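1. fold the following.
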Amino acid sequence: TSLPPFLRPFRKGKSIGGTARMGLPTWARVPWLAVQAYAFYYACSQAYDIRLYAVKEYGKIIHEFDPWFNFRATKYLADNGWTEFFHWYDHKSWYPIGRPVGTTIYPGMQITSVAIWKVLEYIGNPMSLNDVCCMVPAWFGVVATTFLALLAMECGGFAAAGTAAALVMSIIPAHIMRSVAGGYDNESVAVSAMCMTFFFWVRSLRTEKSWPIGIVAGICYIYMVMVWGGYIFVINMVGIHAVFLALTGSYSTNLYRAYTLFYIIGTTGATHVPVVGWAPLRSLEQLGPCAVFFFFQLLELAEWLRRRKEVTNKQPISFAEMMKLRVLVFAGAALVALPIIFLLIPTGYFGPFSARVRGLFVKHTRTGNPLVDSVAEHQPASSQAYWQYLHYMCYCAPVGMALVAVRAAPVSNVVQVLGGGDWWANRDKAKTFLVLYGVIAYFFSTKMVRLVLLMAPISSALGGIALGAAGEWIAIQTLALLPFLEAGEAKEGEEG
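-> Numbers count the residues shown, from 1 in each chain. Got it, this is the predicted structure:
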């Protein structure tokens, strides 16, 4: 049926960049994408330029204590090579005891900087190692902005969400404070690695055939392990997301394959980082994702037995029979696993929670570790800190959270059962990730003010979804008015 003129711009068509663009007329899509492309370029240029303030003002100088140590370690790696670096005992650090640097440092940033330094020299554009280390935080600020934009676009389902998120991430103080040029610290690279891991993880869940991308997510996670101790948050975040989907009715073979690949590749690589070692399989704070991995193996085994039984009987089994099959599988696994666990506990195989993790649940001055207890940034965050580091995202992010939550699994599953269309389930697993990330990051940031850094990506993503949705709605409404404006001008011309 023919639509009235004022509804024609809203007719359903094939979207470019996501379902939110279904209301844009065809002729407006290319200009709209051009505007977004320029906005993304502007965000990246600002992400780089704003982080160069210290360099423009004072020159390419490493500042603060930890960045100086990191630069010294980078220089040692460049001068002495890989093998010597991992066997280096630095008598000038932690004087007079000294420090075995190779087994107490996360070496990813040093390796990255030396690699960039050598590549620049190879292509005929040499820079001093000092200059490279000064610029690494600014360069990776752009990388973090880019992958955060991809994450927001993947979860939101429309390109404007990514563009708006990039604009926010490029200038949000919570990220800038750890990525200023000259502030050569692990977090300046780690946020980029975290955004990369999260993007490829949710991307691996988009369709039933996208699970191989879990391999890329695992590789990015290995890099995250190499650069910062915050990798524990990343692996637990992915594990919580995976098990939440499974327990709320969104389990699938695609989810099983993606998580299995991610965990096996990521954990295998993590155990080869000297400072980490076998902690992923021994530390209490990392055994959760390990338990999720075995849970998925048993769940998929039950699914395989179900499919085999259905083929044999040539008819689907009932829900009660399926649950009985799962109970048998998990009970058998428990009979094998529990005795092994009880035998390992007295041997001290399972390590305790680290002092910093304990500091999240007890008063920050009573963890038992004097080094942790003495650091002021380990105290709880205040409302003033959120406004200082997140600013207007304190208001925009909750709006984005609401927009995402109503279409996240399991809400989307319920809506579809009640008769809702496929639109509700569009990338619902990715939306669930943002909801969980927002809740968990906020909880832990209230316990330790330094973890406000973790709020930068999720605040930018949720705020970007809210601002991007508002921007597209305004564009659609403006375009819908054009026929009326043209008709009004033509009528005025005839009357004149």
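2. mind listing the strands for the protein?
-> 89-90, 99-100 (DSSP state E).
3. partner strands of the first one and their direction?
-> The sheet places strand 89-90 alongside strand 99-100 (antiparallel), with pairing taken from DSSP bridges.
4. about what we covered before: which one of the strands of the chain lies closest to residue 181?
-> Nearest to residue 181 among the strands of the chain is strand 89-90 (25.8 Å), distances taken as CB to CB. For glycine as for every other residue, the C-beta is placed from the backbone atoms N, C-alpha and C.
5. how far does the closest one sit from the chain's center?
-> Put simply, strand 89-90 sits 34 Å off its chain's centre (CA atoms, centre = their mean, to the nearest Å).
6. which parts of the stretch 251-400 of the chain are helices?
-> Shown for the stretch 251-400 of the chain, the helices assigned by DSSP state H, counting those that start in this stretch span residues 253-270, 287-313, 319-344, 355-358, 370-373, 383-390, 393-405.
7. check the most centrally placed residue in the chain and give its pLDDT.
-> Nearest to the mean C-alpha position of the chain, by CA atoms, centre = their mean, lies residue 198 at 3.3 Å. pLDDT for residue 198: 97.
8. can you tell me how far it sits from residue 279?
-> 21 Å (CB to CB, to the nearest Å).
9. follow-up on the earlier one: residues contacting the closest residue to the residue nearest to the centre of the chain other than its chain neighbours?
-> For residue 198, ignoring the flanking residues on the chain, the nearest one in space by CB to CB, 6 or more residues apart in numbering is residue 151 at 5.6 Å. Residues counted as contacts of residue 151 (CB atoms under 8 Å, 6 or more residues apart in numbering) are 162, 165, 195, 198, 199, 202, 457, 461.
10. reformat those residues as a markdown table; add distance to residue 104.
-> A markdown table is the format used below for the contacts of residue 151 (distance: CB to CB, whole Å):
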| residue | distance to residue 104 |
| --- | --- |
| 162 | 38 |
| 165 | 36 |
| 195 | 26 |
| 198 | 27 |
| 199 | 30 |
| 202 | 33 |
| 457 | 27 |
| 461 | 33 |
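11. kindly indicate which of those lies nearest residue 137.
-> The closest of those, once distances to residue 137 are taken by CB to CB, is residue 195, at 14.7 Å.
12. and of the strands of the chain, who's closest to residue 215?
-> Across the strands of the chain, residue 215 has its closest neighbour in strand 99-100 (33.0 Å, CB to CB).
13. ok, and what's touching the closest one?
-> Looking at what lies outside strand 99-100 - CB under 8 Å, 6+ apart - the contacts are 88, 89, 90, 93.
14. ok, the first one to residue 273 distance?
-> Going back to what we said before, that points to residue 88. 16 Å.
15. those two: which is more packed in?
-> residue 273 (20 against 17; other CB atoms under 10 Å).
16. show me what contacts the more buried one?
-> Contacts of residue 273 by CB under 8 Å, 6+ apart are 106, 107, 222, 225, 226.
17. neighbours around the fourth one, how many?
-> It stands for residue 225. Around residue 225 there are 30 residues (other CB under 10 Å).
18. that one reaches residue 231, doesn't it?
-> Yes: the pair residue 225 / residue 231 is scored as a contact, 4.4 Å apart, by CB atoms under 8 Å.
19. next, show the common contact partners of these two.
-> Contact criterion CB under 8 Å, 6+ apart; residues shared by residue 225 and residue 231: 270, 276.
20. for the residue nearest to residue 63 when sequence neighbours are not counted, what are phi and psi?
-> Leaving aside its sequence neighbours, residue 63 sits nearest to residue 182 (CB to CB, 6+ apart; 5.0 Å). Main-chain dihedrals, residue 182, degrees, to the nearest 10: phi 100, psi -20.
21. quick check: residue 182 touching residue 132?
-> No: judged on CB under 8 Å, residue 182 makes no contact with residue 132 at a distance of 11.9 Å.
22. now tabulate the helices of the stretch 251-400 of the chain in CSV and tack on mean neighbour count.
-> Below are the helices of the stretch 251-400 of the chain laid out as CSV (neighbours: other CB atoms under 10 Å):
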stretch, mean neighbour count
helix 253-270, 21
helix 287-313, 15
helix 319-344, 12
helix 355-358, 18
helix 370-373, 13
helix 383-390, 16
helix 393-405, 20
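23. with distance to residue 64 and mean pLDDT as extra columns, can I get these in TSV?
-> Output for the helices of the stretch 251-400 of the chain, formatted as TSV (distance: least, CB to CB, whole Å; pLDDT from 0 to 100):
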stretch	distance to residue 64	mean pLDDT
helix 253-270	28	96
helix 287-313	33	90
helix 319-344	42	89
helix 355-358	20	66
helix 370-373	17	66
helix 383-390	18	88
helix 393-405	26	92
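24. distance to residue 80 added to the ones you listed, as TSV?
-> Output for the helices of the stretch 251-400 of the chain, formatted as TSV (distance: least, CB to CB, whole Å):
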stretch	distance to residue 80
helix 253-270	24
helix 287-313	35
helix 319-344	39
helix 355-358	31
helix 370-373	28
helix 383-390	39
helix 393-405	44
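25. can you say which of those is nearest to residue 448?
-> helix 355-358 (7.9 Å).
26. what's the burial count for residue 63?
-> Neighbours around residue 63, by other CB under 10 Å: 14.
27. that one against residue 183, yeah?
-> Yes: in this structure, residue 63 is within contact of residue 183 by CB under 8 Å, at 6.6 Å.
28. tell me, what's touching those two both at once?
-> In contact with both residue 63 and residue 183: residue 54, using CB under 8 Å, 6+ apart.
29. closest to residue 82 among the contacts of residue 151?
-> Among the contacts of residue 151, and counting by CB to CB, the member closest to residue 82 is residue 195, at 27.3 Å.
30. contacts only, for the nearest residue to that closest one once chain neighbours are set aside.
-> With CB to CB, 6+ apart as the criterion, residue 195 has its nearest non-adjacent residue at 3.9 Å, and that residue is residue 147. The contact partners of residue 147, by CB under 8 Å, 6+ apart, come to 192, 195, 196, 199.
31. mind putting those into JSON lines with distance to residue 244 and neighbour count?
-> Shown next, in JSON lines, are these (distance: CB to CB, whole Å; neighbours: other CB atoms under 10 Å):
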{"residue": "192", "distance to residue 244": "26", "neighbour count": "29"}
{"residue": "195", "distance to residue 244": "21", "neighbour count": "27"}
{"residue": "196", "distance to residue 244": "22", "neighbour count": "24"}
{"residue": "199", "distance to residue 244": "19", "neighbour count": "25"}
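32. contact partners for residue 388?
-> Residue 388 touches residue 173, counting by CB under 8 Å, 6+ apart.
33. hang on, residue 106 packs against residue 226?
-> Yes: here residue 106 reaches residue 226: they are 6.1 Å apart, a contact under CB under 8 Å.
34. between these two, who's got more neighbours?
-> Taking neighbours as other CB under 10 Å, residue 106 and residue 226 compare with residue 226 leading, 25 against 22.
35. so that one touches residue 105, yeah?
-> No: judged on CB under 8 Å, residue 226 makes no contact with residue 105 at a distance of 10.1 Å.
36. fine by me, thanks again.
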